[in-house]
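J.: sequence and predicted model, in that order:
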Amino acid sequence: MEFEIEKYPNKEKCRLVSVDSSFVVNVADLARITEICNQPPVHKSLEAIVGNNPYTVGDARGFIEWAKDGWLSEKWYVFLVRDSNNKILACVDIKVGKDSDMGGREIGFWADTENPGV
């Protein structure tokens with residue numbers, strides 16, 4: 001599933017891409033997710049998952065599998081934001097069941113520090 005969106009404030013065309021069973025991850029995607037998740041503001045939000053350890057390519061691979069599992073179980077839905085060059089800029093997840101960290105519905109996100117307006 002894919003939707004066209006605009007990046008704020010320059011209105012650059014981007015795509016919101018579902019990380020479902022049809023999603024094919026590549027080495028560049030894993031490296032980009034790892035890079036973003038090691039940026040200090042993003043990494044801080046992931047401390048409950050990785051602690052003070054760096055976010056690794058293995059963590060990124062596990063994240064993609066977790067995202068796909070959510071679509072299959074219909075409990076959470078993960079989307080990546082890609083720019084016109086297919087580069088990952090951000091991620092959003094929507095949790096709809098009792099399994100979320102907050103015990104109910106939840107929206108989570110992270111974004112590249114150079115692209116906060118997605």
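T.: Right, received. Where do you want to start?

J.: so where's the chain uncertain?
T.: The model of the chain has pLDDT under 70 over residues 98-104.

J.: scan it for its longest helix.
T.: If you go by DSSP state H, the chain has its longest helix at helix 57-73.

J.: who are the packing partners of that helix?
T.: With contacts defined as 3 or more C-beta pairs under 8 Å, 6 or more residues apart in numbering; DSSP states H and E, the secondary structure elements packing on helix 57-73 are helix 27-37, strand 76-82, strand 88-95. Where you see a C-beta, it was placed from the backbone N, CA and C, and this is true even at glycine.

J.: check the gap between the residue most central in space within the chain and N115 for me.
T.: Against the mean C-alpha coordinate of the chain, by C-alpha atoms, centre = their mean, the closest residue is C91 at 2.9 Å. Plainly put, C91 is 11 Å away from N115 if you go by C-beta to C-beta, to the nearest Å.

J.: swap in I49?
T.: Looking at I49 against N115, where the rule is C-beta to C-beta, the gap reads 22 Å.

J.: check S22 too.
T.: Here the distance between S22 and N115 works out to 25 Å (C-beta to C-beta).
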